[in-house]
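Colleague: After the sequence you'll find the predicted model.
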Amino acid sequence: MISTPMIAPRITAMFSPRLHAVPRTPDQGGPMSLTPVPHRVAVVGGGIGGLAAALSIARAGHHVTLVEQAARFTEIGAGLQLAPNASHALDELGVLGAVRRTAVAPPRLVMMDALSGDQITSLDLRSAAYTGRFTHPYLVTHRTDLHAALLSACQEHPSVTLRTGHTVTHAEQDGSGVRLHFAGSPPELTADAVVAADGLHSRLRRALVGDGEPVCSRYVAFRGALPTDQMTGRMSQHAASEAVMVWAGPRMHLVQYPVRRGELYNQVAVFESDHYTPDSDAWGTEAELEERFSGACRTVRDALPLIARDRRWPLFDRLPTDQWVHGRIALLGDAAHPMLQYLAQGACQALEDAVALGRALGRFADPADAFAAYAGQRRERAARIQTGARRFGEICHLEGMGATLRNALFASRGPDDFDDVSWVWTPAPAPVTAP
């Protein structure tokens, strides 16, 4: 995935629980504040967003039951990038230290021309300009490591209950709560509120928003991480530098960076397929991968044989929606705002969602009011990043004169120039009063 832009229904409450002063513990973070009477909140989905949401809600003083359809908690995929807005969220959730134990803090983000092999531009992540502007580090980590840190924190929290093997079929709500229905046993779960963090193909979003299937970008990714000691030549040099390398080319790119204390090297090759059809899976093949990258420089071509081929990942997103909340049901993460990976913000925005949701549930007595405040804070920012990711993908994949102009523009920027990216990397401030 590309690391960063180098530019650029209804419900009526039947009761209102009283607010009472609750001294927050160090685990919950923050001073004494007014906290709603604890609610029973169900979170659907045990990925990064769902676990982060469960943890945030529990730390706000509520009881959480998280249901996951798989038989056990796992996270598939390879590496991901955590910009400072994400590490800020992890800090608020109390898990940044655990994540940093396995993550790598890269010194630079580097964009290279995939055809010529020349450097286009870079950003210095250890400069005074970076540390003066962003209070938290830029990290790269393996998805399983981030997931494990969040899972462990949820398992240790007394207000979080984790259940696997629960496939949600539908939800019903009234003025007092929500009933989740499952395939098989148990038949249902009743909660005061529900958070749908069930991903790109969210069942609850499909029922509540009704906007059909996700939008296929016609791009596909092959990704995986390999032991760094298996690399030689220039790839070994790049791995040793710990930099995030982005090789931009016509309708394709390659991203490389180390993860898991530098023991693994993550690689993602992305390209647009000429053979995409919506009713077929016979596109984005290995043969197309080789063909699309055939004109790349030697370093990029040498990397291709080392990229995992056991699974291809078609890339999807959706147009932004305002319908994040339906009474006592709220969408979160990819269920709310699936985005293409070109700003490396998918997981980051899910983490931001989780923190904002926990804050809102700590400020409002009625879950419907809390959900409305959460959506009000998050919708515009997430939508901007969704659309920005599409635009940056187009810029990265320019060819011909467009690529020449892109390279010239980016080359004019210094390694300490964070003006274009600061809006992405700086999280929205916490609201100080109720809206």
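Modeller: Cool, the structure landed.
Colleague: hey, where'd the helices end up in the chain?
Modeller: For the chain, applying DSSP state H gives helices covering 48-59, 84-92, 96-100, 128-133, 143-156, 203-208, 233-241, 286-292, 298-303, 346-361, 367-396, 401-411, 422-425.
Colleague: Pull the third one out as PDB, backbone CA atoms only.
Modeller: Just to be clear, that refers to helix 96-100. This file holds the C-alpha atoms of helix 96-100, laid out as PDB (Å, rounded to 0.1, in the frame of the first residue of the first chain):
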ATOM      1  CA  LEU A  96       0.900   2.000  22.000                       C
ATOM      2  CA  GLY A  97       3.700   0.500  24.100                       C
ATOM      3  CA  ALA A  98       2.700  -3.100  23.200                       C
ATOM      4  CA  VAL A  99       2.500  -2.200  19.500                       C
ATOM      5  CA  ARG A 100       5.900  -0.500  19.600                       C
END
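Colleague: Show me what counts as buried in it.
Modeller: 96, 98, 99, 100 (16 or more other CB atoms under 10 Å). C-beta: built from backbone N, CA, C; applies to glycine.
Colleague: what's the average pLDDT for it?
Modeller: For helix 96-100, the mean per-residue pLDDT is 98.
Colleague: Start the count at 15 instead of 1 going forward.
Modeller: New numbering, starting at 15: the last item is helix 110-114.
Colleague: Could you name the helices and strands sitting against that helix?
Modeller: helix 98-106, strand 153-156, helix 157-170 (3 or more CB pairs under 8 Å, 6 or more residues apart in numbering; DSSP states H and E).
Colleague: who touches that helix?
Modeller: 96, 101, 104, 150, 151, 153, 155, 159, 160, 163, 166, 167 (CB atoms under 8 Å, 6 or more residues apart in numbering).
Colleague: Out of the helices of the chain, which one sits most buried?
Modeller: Highest mean neighbour count among these (mean count of other CB atoms under 10 Å): helix 62-73, with a mean of 30.
Colleague: By mean pLDDT, flag the weakest helix or strand of this protein.
Modeller: Least confident element among the helices and strands of the chain, by mean pLDDT, DSSP states H and E: strand 33-36 (a mean of 32).
Colleague: How much space separates the closest residue to residue 368 other than its chain neighbours from residue 408?
Modeller: Spatial nearest neighbour of residue 368, excluding adjacent residues (CB to CB, 6 or more residues apart in numbering): residue 66 at 3.6 Å. Distance, residue 66 to residue 408, using CB to CB, to the nearest Å: 30 Å.
Colleague: Which of the helices of the chain has the lowest mean pLDDT?
Modeller: Averaging pLDDT over each of the helices of the chain puts helix 247-255 lowest, since it has a mean of 80.
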